[in-house]
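Engineer: Sequence and predicted model, in that order:
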Amino acid sequence: MGRPRKCRCICSKPRVTRFLPENGGQGCAVIGYDEYEVMRLLDFEHYSQEQCAQKMQVSRPTVTRMYEHARHQIADALVNGRELVIRGGDVLVCAHLKPECAGVVHCCHREEAQNGEE
């Protein structure tokens, strides 16, 4: 019997959770909120895998597995014209701006505060 999955900490759920090909496409590729967060931190915020793992409170190999799965699903959606959906996963959503996010320009909580959504 394997270890139970550890809850992954994410900044917030994405505002857009569905991408549809223009021609409608067949089938759907799904990534979890945690996999979206890995993509956001690694590719958009330019974190290292180690920094990403610390922020999400998981191991670096877990970050690697999530990143590989998300990339595969996104490639499947692009190559095969499938709908891409972001949903689910064992996640704990951060409730407020953390001190370690002080210098992060695109922190979701900072964007909410600037838009008056808090």
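Structural biologist: Great, that's in hand.
Engineer: Report the contact partners of Pro14.
Structural biologist: The contact partners of Pro14, by C-beta atoms under 8 Å, 6 or more residues apart in numbering, come to 33, 36, 86. No exception for glycine: its C-beta is placed from N, CA and C like everyone else's.
Engineer: closest to Arg65 among these?
Structural biologist: Tyr36 (14.6 Å; C-beta to C-beta).
Engineer: thought His69 was touching Asp34?
Structural biologist: No. In this structure, His69 is not within contact of Asp34 by C-beta atoms under 8 Å, at 9.9 Å.
Engineer: Just want to know which of these two has more residues nearby.
Structural biologist: Asp34 (25 against 16; other C-beta atoms under 10 Å).
Engineer: Surely the more buried one and Ala53 touch.
Structural biologist: No. Counting by C-beta under 8 Å, Asp34 does not reach Ala53; the two are 11.8 Å apart.
Engineer: ok, and for the lengthiest helix in the chain, which residues are buried?
Structural biologist: Secondary structure of the chain read by DSSP state H shows that its longest helix is helix 60-80. Neighbour-count burial for helix 60-80, counted by 16 or more other C-beta atoms under 10 Å, picks out 62-63, 66-67, 69-71, 73-74, 76-77.
Engineer: mind putting those residues in a markdown table, pLDDT included?
Structural biologist: Conversion of these to a markdown table gives the following (pLDDT from 0 to 100):
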| residue | pLDDT |
| --- | --- |
| Thr62 | 93 |
| Val63 | 95 |
| Met66 | 95 |
| Tyr67 | 97 |
| His69 | 97 |
| Ala70 | 97 |
| Arg71 | 97 |
| Gln73 | 97 |
| Ile74 | 97 |
| Asp76 | 95 |
| Ala77 | 95 |
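Engineer: with those residues in mind, which one is nearest to Leu20?
Structural biologist: Nearest member of these to Leu20, counting by C-beta to C-beta, is Ala77, at 9.7 Å.
Engineer: What distance do you get for that closest one to Val85?
Structural biologist: Using C-beta to C-beta, to the nearest Å, Ala77 is found at 9 Å from Val85.
Engineer: give me phi/psi at the residue lying closest to Cys94 once chain neighbours are set aside?
Structural biologist: Closest residue to Cys94 apart from its sequence neighbours, by C-beta to C-beta, 6 or more residues apart in numbering: Cys11 at 5.3 Å. Cys11 adopts backbone torsions of phi -70, psi -50, taken as degrees, to the nearest 10.
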